[in-house]
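>>> heads up, no residue letters with this:
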Ligand code: KG4
Ligand code: ZN
């Protein structure tokens, strides 16, 4: 089956066509992403109103290009999938309404996809991994450890109590006068810094539940920065390196707890899957590699372009749901909040 996927929940406008064969293997026919980073950079973060307007302006064109690149016409689509949340509501409305219009005109089934579910299922598109597996979702808005047991069967094992990991990177960058988005900037500076110069906390270490708490780390970093101010370039590099090391140690410890909890409840997972923009961080990938080698568990980290927000993951999640007979009606509402564990395998 062939599915068009539309993503507009944050600051990326994206459209993609994905094919899923009867054996459950996926193939990306086209995957077009237009990032709005430049439009938000001056504000140091995403401005919802600017994002929604930008989606309206470019989405039609992106869909047209995705269709052309895949050499596909609307009549040959088996489903239209759009991210129906969670996210910035103005953007979600743009994507979902566009999908509904196409669905209505061409009488093609609509699939309203949960954006987090799409991140969760991407590893089945890239690596055909079987259920169940353990997902580590680390993005600008989420930091979760999830047991992925089937399509529409997600159990939240751990969550952040406060800031998401990507948010912690972004706030650190802002505090130190680095650019937006902060993650890549902090990573770049960290390569030139000393990770042992500043003693920052490793919050929640050794707790049994794989939860995170990152606001204390952020505060500790701010106090250290204030203590040594004015900051030289080397100070900034050392602060970045010390912060990144604290995050890496924390993730290592929290995921060890996550894998233990997963195994106790469901047996050994078929893989540990990392997703979300933060999974692009090289030090973090290295820590995950070390952890999974120790535990003899397969590690899957989809390529960066499929870890960050994109249309292919929405199309693929749509195809997985469609294959399971799950479609949605035209009165499906966009949702700003939509926790992954509440996504059920229910028929629309
Ligand atoms: O998944 P994503 O593209 O968007 C959502 O938040 O949904 O993730 C973006 C987040 C931002 O906070 C960004 O700073 C972070 O991922 N990020 C990174 C890196 N690349 C992106 N964080 C650390 N290291 C990176 N290399
Ligand atoms: Zn995302």
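Here it is on my side, so go on. Small disclaimer: the values here were computed from a predicted structure and weren't measured. Ligands and ions are numbered 1, 2, ... in the order given.

>>> my read: residue 327 touches residue 109, true?
Yes: counting by Cβ atoms under 8 Å, residue 109 is a contact partner of residue 327 at 4.3 Å. Where you see a C-beta, it was placed from the backbone N, CA and C, and this is true even at glycine.

>>> Now for those two: what residues contact both?
residue 79 (Cβ atoms under 8 Å, 6 or more residues apart in numbering).

>>> separation between the closest residue to residue 58 other than its chain neighbours and ligand 2?
Spatially, and ignoring its direct neighbours in sequence, residue 58 is nearest to residue 13 (5.2 Å; Cβ to Cβ, 6 or more residues apart in numbering). If you measure residue 13 against ligand 2 using Cβ to the ion, to the nearest Å, the figure is 13 Å.

>>> so when I look at residue 13, I'm seeing a strand, right?
Yes: under DSSP: H, G, I helix; E, B strand; the rest coil, residue 13 sits within a strand.

>>> Looks like it contacts residue 59 (just checking).
Yes: at 5.7 Å, residue 13 and residue 59 qualify as touching, with contact defined as Cβ under 8 Å.

>>> More neighbours: these two, which one.
residue 13 (28 against 23; other Cβ atoms under 10 Å).

>>> Show me what that one bridges to in the sheet.
residue 34 (DSSP bridges).

>>> and it, what is it in contact with?
Going by Cβ under 8 Å, 6+ apart, the list of residues near residue 13 reads 7, 33, 34, 36, 54, 55, 58, 59, 62.

>>> again, 6 Å this time
Applying Cβ atoms under 6 Å, 6 or more residues apart in numbering, one finds that residue 13 lies in contact with 34, 55, 58, 59, 62.

>>> Is ligand 1 within reach of stretch 288-307?
No: Stretch 288-307 is not in contact with ligand 1 by Cβ under 6 Å from any ligand atom; minimum separation 6.8 Å.

>>> got it, and stretch 254-273?
No: shown here: stretch 254-273 not in contact with ligand 1 (Cβ under 6 Å from any ligand atom), separated by at least 13.9 Å.

>>> Pull up the gap between residue 270 and ligand 2, please.
The value you get for residue 270 to ligand 2, if Cβ to the ion is used, is 23 Å.

>>> In contact with the residue nearest to that residue when sequence neighbours are not counted, which residues are there?
Spatial nearest neighbour of residue 270, excluding adjacent residues (Cβ to Cβ, 6+ apart): residue 133 at 4.8 Å. When contacts are counted by Cβ under 6 Å, 6+ apart, residue 133 touches 148, 269, 270, 271, 273.

>>> Out of these, which sit inside strands?
If you go by DSSP state E, the contacts of residue 133 have 148, 273 in strands.

>>> Let me know the closest of the contacts of residue 133 to residue 178.
Among the contacts of residue 133, residue 273 lies closest to residue 178 (Cβ to Cβ), at 29.1 Å.

>>> That closest one contacts residue 302, doesn't it?
No: counting by Cβ atoms under 6 Å, residue 273 sits too far from residue 302 to count as a contact (7.9 Å).

>>> Have a look at these two and say which one is more surrounded.
residue 273 (29 against 21).

>>> any idea how far ligand 1 is from that one?
Computed as Cβ to the nearest ligand atom, to the nearest Å, the residue 273 to ligand 1 distance reads 14 Å.

>>> Skipping its backbone neighbours, what lies nearest the closest residue to ligand 1 within the stretch 101-250 of the chain in space?
Going by Cβ to the nearest ligand atom, ligand 1 is nearest to residue 183 of the stretch 101-250 of the chain, at 2.1 Å. The shortest distance from residue 183 to any non-neighbouring residue, by Cβ to Cβ, 6+ apart, is to residue 169 (4.1 Å).

>>> roughly how far apart are the one you found and ligand 2?
Taking Cβ to the ion, one finds residue 169 at 15 Å from ligand 2.

>>> which SSE is that residue in?
helix 165-175 (DSSP states H and E).

>>> returning to what we had before: and the helix or strand hosting the residue of the stretch 101-250 of the chain closest to ligand 1, how far out from the chain's middle?
Using DSSP H and E, residue 183 maps to helix 182-190. Centre-to-centre, helix 182-190 and its host chain are 18 Å apart (Cα atoms, centre = their mean, to the nearest Å).

>>> angle of that helix against helix 165-175?
60 degrees (axes from the mean of the first three to the mean of the last three Cα atoms, to 10 degrees).

>>> residues from the stretch 1-150 of the chain in reach of ligand 2?
residue 139 (Cβ under 5 Å from the ion).

>>> what are the ranges of the strands in the stretch 1-150 of the chain?
Chain-ordered strands for the stretch 1-150 of the chain, with DSSP state E, counting those that start in this stretch as the definition, fall at 2-7, 12-20, 26-35, 79-85, 110-114, 133-138, 143-150.

>>> And the ones you listed: which comes nearest residue 298?
Here strand 133-138 is closest among these (Cβ to Cβ), at 8.5 Å.

>>> counting contacts, what elements does the helix ranked longest in the chain pack onto?
Looking across the chain with DSSP state H, the single longest helix is helix 233-266. For helix 233-266, the packing partners by 3 or more Cβ pairs under 6 Å, 6 or more residues apart in numbering; DSSP states H and E come out as strand 143-150, strand 153-159, helix 182-190, helix 215-228, helix 282-295.
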